[in-house]
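Undergrad: Build the 3D model from these lines:
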Amino acid sequence: MKAAWWLLLLIVASAGRVDAESFWLVVVASDPSPAAIAAKANHLAADVPGAIVVQTADCQTKPSMFAVARVTTSAADAKALLEQVRPRVKDAYVKQCQAATGSLVSLRIPAVDASIANVPVDAVNWDDTDRVSSATALSNGVSLVTVRYYTPSPEDPLEGRRERLVVARSPQDRAVVTEQCASPGGVVARDRTIALHCAREQAGDELLHAVLVFNTDGKTLAEIKRCRNPRWTGDMVLSCEAESVSADGHLTLKPKTTEVNAAATPQ
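TA: Reported below is the predicted structural model:
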């Protein structure tokens, strides 16, 4: 009876377990601020080539902060790299990282893009969430990554804030979906097809969106303008809430159905 009880516990624990990978980080700087860590990463780029910004929350470490680190896959590689780095960065050290498969560190994508160091200090519409990238592991073995970065642009109402969408399976297998998807949301996946909405324009006080539909190779299959909150209602049939704004600024949402071109989806 006791053996059956322990077997049940093992089955329940396994069902909730997230696949994890072991890495070793050679850490050369750390900081709780994404703006500060971006500046440190740029300063150390020549001394520690290949280092990226890692968010320690990806390594299940609390309290969460940011680190400039080279990511290695073995303790021996980390030790050898540490010996190379120490003459230039005396307080460098090695830290083990247990990270979920599909996380930013496992994909070798910086948690804070290098361009963030160039955000003007007087930018008023930026906060820390605009400076930190994110990854969401989907059930189809792909991660959907939002890379938040800065592009200088005079008279830009967004003050250079950009959000690049990337689909990734591994550090070597990733593709850019779009260079700008403001405030992505409403993500739904069906087999190898993904849909979400991006903010595209503003009418009065209301944000209007477009639904992007793309496959796990990063190929766009459809863009449904002025629609939000997609959901799959059938085989390659997508519904969303069509948006319209009246002259007095009132937002109306109505159901809209679109059949996505299945022939464009890879087999």
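Undergrad: mean confidence score for stretch 32-41?
TA: Per-region confidence: stretch 32-41 scores 97 on mean pLDDT.
Undergrad: Spell out the residue ranges of the helices in the stretch 51-200 of the chain.
TA: 75-85, 104-107 (DSSP state H, counting those that start in this stretch).
Undergrad: For residue 91, which of those is the nearest?
TA: helix 75-85 (10.3 Å; Cβ to Cβ). C-beta here means a position set from N, CA and C on the backbone, and glycine is covered the same way.
Undergrad: what mean pLDDT does that closest one have?
TA: Rounded mean pLDDT across helix 75-85 is 97.
Undergrad: buried sites along it?
TA: Of all the residues in helix 75-85, those buried under the rule 16 or more other Cβ atoms under 10 Å are 78, 81-82, 85.
Undergrad: Output it as CSV - backbone C-alpha positions only.
TA: What follows is helix 75-85, C-alpha atoms only, in CSV (Å, rounded to 0.1, in the frame of the first residue of the first chain):
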residue,chain,number,x,y,z
ALA,A,75,31.6,23.0,-15.4
ALA,A,76,35.0,22.3,-17.0
ASP,A,77,34.3,24.8,-19.8
ALA,A,78,33.2,27.4,-17.2
LYS,A,79,36.3,26.9,-15.1
ALA,A,80,38.6,27.3,-18.2
LEU,A,81,36.7,30.4,-19.2
LEU,A,82,36.9,31.9,-15.7
GLU,A,83,40.7,31.6,-15.8
GLN,A,84,40.7,33.5,-19.1
VAL,A,85,38.4,36.2,-17.8
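Undergrad: which residues are contacting that helix?
TA: For helix 75-85, the external contacting residues (Cβ atoms under 8 Å, 6 or more residues apart in numbering) are 24-26, 28, 47-48, 70, 72, 92-94, 96.
Undergrad: ditto for stretch 122-134
TA: Outside stretch 122-134, the residues touching it (Cβ under 8 Å, 6+ apart) are 33-35, 38, 55, 104, 109-113, 116, 119, 145-148, 158-161.
Undergrad: 10 Å - rerun?
TA: By Cβ atoms under 10 Å, 6 or more residues apart in numbering, the residues outside stretch 122-134 that reach it are 32-35, 37-38, 53, 55, 66, 103-104, 109-113, 115-117, 119-120, 143-150, 157-164, 166, 184.
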